[in-house]
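Novice: sequence and predicted structure, then a few things I'm wondering about:
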Amino acid sequence: MMKSRTDEEEFWHSTKCKPFTFDDDDDGFSKLKESKQAVNNIRPLVDEEEDEDDVEKVSWSGEPVGSISWSVRETAASSQRTDRESTFPKTSTDPPTRSLSGYSLSSLFKGKTKGGNFQAFTDSLSDSSVRLYAPELRKPKSDYKDAVSDLSPEETVQRMLQGKVVSLEKFRSLQDKMCLLDVSVSAHDGNVITAVLIYLKRTLSKDVLFRELESRQTALRHFIHYLTETRDQRLLLELLRALGRTEDMALLQYKEHLRIADENKRRDFLKSCLSLPFSAEDSGHVQDHYTLLERQIIIEATDRQAERGGKVEIFQKFPRRASILNMPLVTTLYYCCFYHYTESEGTYSSPLNIRQTFKISKKQYFVTALAARAKLKAWSDVDALFTSRNWLGFTRKKSPLSFQRVVDILQKNSAPTQVLQEYVALVDDSDLRISLAQKLKCHDIVINMYRDLKDRQLLLGYLKKMERGSVEERKINELLNNSQIRWKN
């Protein structure tokens, strides 16, 4: 039966739902004022210390969250879900849905109990009959075992060789620690041995560790190398002292001079090292080192002053390129042969004084002096090095080096042909002598040798290499025209 128009208007005006009209009383502005008023009425309930539990929360089923019926329903639903799902949750492709729980994060973290809602939730968690599951990403069982399980020394070392993480803290007794060290040594892996030694260094006293390492030479060498690389000088010195290796301890202390830059401090340090328990040979080297540095300091100060004064000719013609400080002994001898060759033996910078002080061999001194004087083109000094007199007063050239080596040194220092051929003629081997003479263009030597061999053909062949009108060409022609020579060919 159709309602009349009067009845319809009475129905719409008697309900909460109003029809859409364009009247000014029902415009959006009036609705906005009503909404703002409703919000202001609710604000005191939720603004106090941001307590969200003051407002009762209702699940989608319409029951208050935290009530007994809600807890039972949620527990049953959770049990059903966990029975159907595995430990690792599957990734869902369904669109996200709203959570069935009405609890907020703030109530869970703040632990609010006001209203009883959170208390009911914690009571449900404490119930032993309720079993809750949370998704958890666990490590593989093998990795978990490596870190915490009771592994034997062999298993521990094996896993260290495989690069897995292990814990050495379980090895607490001295016997277990030494067993672990022995197994690591038998594995022949330096990284594993070093890792175990670092653990032992941290957990054992120095006396016990030193005593145990004394009978394990392989581990001891690794430990000494580790302390050397990490520059733990103090512990290394204590270890060597405990092992009775006094010479190694002394050499280790002596090595510290390399870190001292100031020459005077280094000299004083070397002087303090003279009392260390070196071996006889090493003690002599340390003494020579100290004496050499002390002498270098004196020579350097004197020569620097002379060079700045500008009165010494050799320093003006050949300026010094570097300081003599901390140079080797042979370099110091070469320096003195270059700048102080003519000084008397009583001075510190005299080459003869240095030779006598440091017991330099005759051959070493000869080679160094020859190189220095040839560099200066002092050929008279070079000649004097070879000249010797016998008991009858006759002079002859004598060398502790082979004359082939002498010729090489002179050639590298650009010696003139007149000087070179004098020493090429002293080479014992004839074939080598001819080869050197041809290479260095010592023509007189080649011509004289072919003359002595009475080989006319070789002399004719060599004549073709001579320049027209040269002295050597005239000499060869004179020999070829000499009727007194009986040629072999």
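Specialist: Now that the structure is in, tell me what you want to look at.
Novice: so what touches stretch 278-294?
Specialist: The contact list for stretch 278-294 (C-beta atoms under 8 Å, 6 or more residues apart in numbering) reads 247, 250-251, 254, 263, 266-267, 270-271, 273-274, 276, 325-326, 329, 332, 357-358. Placement of C-beta: from N, CA and C, glycine included.
Novice: do the same with stretch 458-465
Specialist: Applying C-beta under 8 Å, 6+ apart, the contact partners of stretch 458-465 are 446-447, 450-451, 473, 476-477, 479-480.
Novice: just stretch 366-382 next, same as before
Specialist: By C-beta under 8 Å, 6+ apart, stretch 366-382 touches 318, 330, 333-334, 337-338, 341, 351, 385, 399-401, 406, 409-410, 413-416, 419.
Novice: which of the contacts of stretch 278-294 are buried? Put it as a PyMOL command.
Specialist: To isolate the buried ones among the contacts of stretch 278-294 in PyMOL, judged by 16 or more other C-beta atoms under 10 Å, type:
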select buried, resi 250+251+254+263+266+267+270+273+276+326+329+332
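Novice: find the least confident helix or strand in this protein, judged by mean pLDDT.
Specialist: helix 105-110 (a mean of 42; mean pLDDT, DSSP states H and E).
Novice: the host helix or strand of residue 447 - contacts with which helices or strands?
Specialist: Residue 447 belongs to helix 443-453 when assigned by DSSP states H and E. Where contact means 3 or more C-beta pairs under 8 Å, 6 or more residues apart in numbering; DSSP states H and E, helix 443-453 is packed against helix 417-424, helix 430-439, helix 456-463, helix 471-480.
Novice: tell me the phi and psi of residue 387?
Specialist: For residue 387, the backbone dihedrals (degrees, to the nearest 10) come out as phi -80, psi 130.
Novice: I'd guessed it sits against residue 395; true?
Specialist: Yes. Here residue 387 lies in contact with residue 395, judged by C-beta atoms under 8 Å, at a distance of 5.5 Å.
Novice: ranges for the strands of the chain?
Specialist: 387-389, 395-397 (DSSP state E).
Novice: ok, residues contacting the first one?
Specialist: By that I understand strand 387-389. Contact with strand 387-389 is made by 395-398, as judged by C-beta under 8 Å, 6+ apart.
Novice: let's go with 10 Å and repeat that
Specialist: Here strand 387-389 makes contact (C-beta atoms under 10 Å, 6 or more residues apart in numbering) with 394-399.
Novice: likewise for stretch 400-415?
Specialist: Under C-beta under 10 Å, 6+ apart, the answer for stretch 400-415 is 361-367, 370-377, 379, 382, 385-386, 397, 399, 416, 419-429, 432-433, 436-437, 439-440, 442.
Novice: buried residues in it, which are they?
Specialist: 403-404, 406-407, 409-411, 413, 415.
Novice: return the subset of the residues you listed lying in helices.
Specialist: Secondary structure assignment by DSSP state H places 403-404, 406-407, 409-411 of those in helices.
Novice: contacts only, for residue 224.
Specialist: Residue 224 touches 213, 236, 239-240, 243, 245, 248, 252, counting by C-beta under 10 Å, 6+ apart.
Novice: circling back: average pLDDT for the helix holding residue 447?
Specialist: Averaging pLDDT along helix 443-453 gives 91.
Novice: what's that helix in contact with?
Specialist: 417-418, 420-422, 424-425, 427, 430, 433-438, 455-463, 465-466, 470-473, 475-476, 479-480, 482, 485, 487-488.
Novice: now the terminal residues of stretch 272-281, how far apart.
Specialist: One end of stretch 272-281 to the other measures 18 Å (C-alpha to C-alpha, to the nearest Å).
Novice: picking that back up, report the buried members of the contacts of helix 443-453.
Specialist: Buried by 16+ other C-beta under 10 Å: 420-422, 424-425, 427, 433-434, 436-437, 455-456, 458-459, 462-463, 466, 472-473, 475-476, 479, out of the contacts of helix 443-453.
Novice: got a PyMOL select line for the buried ones in the contacts of stretch 400-415?
Specialist: Command for PyMOL that selects the buried part of the contacts of stretch 400-415, burial taken from 16+ other C-beta under 10 Å:
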select buried, resi 365+366+367+370+371+372+373+374+375+376+379+382+385+386+399+419+420+421+422+423+424+425+426+427+433+436+437+440+442
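Novice: what about this protein, any weak spots by pLDDT?
Specialist: 1-149, 391-393 (pLDDT under 70).
Novice: thinking again about what came up before, turn the contacts of stretch 458-465 into JSON lines, including distance to residue 231.
Specialist: As requested, the contacts of stretch 458-465 are arranged in JSON lines below (distance: C-beta to C-beta, whole Å):
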{"residue": "446", "distance to residue 231": "64"}
{"residue": "447", "distance to residue 231": "68"}
{"residue": "450", "distance to residue 231": "69"}
{"residue": "451", "distance to residue 231": "72"}
{"residue": "473", "distance to residue 231": "73"}
{"residue": "476", "distance to residue 231": "73"}
{"residue": "477", "distance to residue 231": "78"}
{"residue": "479", "distance to residue 231": "75"}
{"residue": "480", "distance to residue 231": "78"}
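Novice: between those residues, which is nearest residue 168?
Specialist: Nearest to residue 168 out of the contacts of stretch 458-465 is residue 446 (C-beta to C-beta; 80.1 Å).
Novice: how much space between the closest one and residue 419?
Specialist: Look at residue 446 and residue 419: by C-beta to C-beta, to the nearest Å, they are 17 Å apart.
Novice: what number of residues lie near the spatially closest residue to residue 218 that is not a sequence neighbour?
Specialist: Closest residue to residue 218 apart from its sequence neighbours, by C-beta to C-beta, 6 or more residues apart in numbering: residue 185 at 5.2 Å. Counted with other C-beta atoms under 10 Å, the neighbours of residue 185 add up to 19.
Novice: for the contacts of strand 387-389, which one is nearest residue 227?
Specialist: Looking across these and measuring by C-beta to C-beta, the closest to residue 227 is residue 399, at 50.7 Å.
Novice: so who does the closest one touch?
Specialist: Residue 399 touches 363, 366-367, 370, 385-386, 388, 405-406, 423, 426, counting by C-beta under 10 Å, 6+ apart.
Novice: before we move on, back to that, need the strands of the chain in CSV (columns: distance to residue 151).
Specialist: Listed next are these as CSV, based on distance: least, C-beta to C-beta, whole Å:
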stretch, distance to residue 151
strand 387-389, 79
strand 395-397, 80
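Novice: show me the helices in the stretch 101-250 of the chain, by range?
Specialist: Assigned by DSSP state H, counting those that start in this stretch, the helices in the stretch 101-250 of the chain fall at 105-110, 117-126, 141-148, 153-161, 174-186, 190-203, 206-214, 217-229, 233-242, 246-254.
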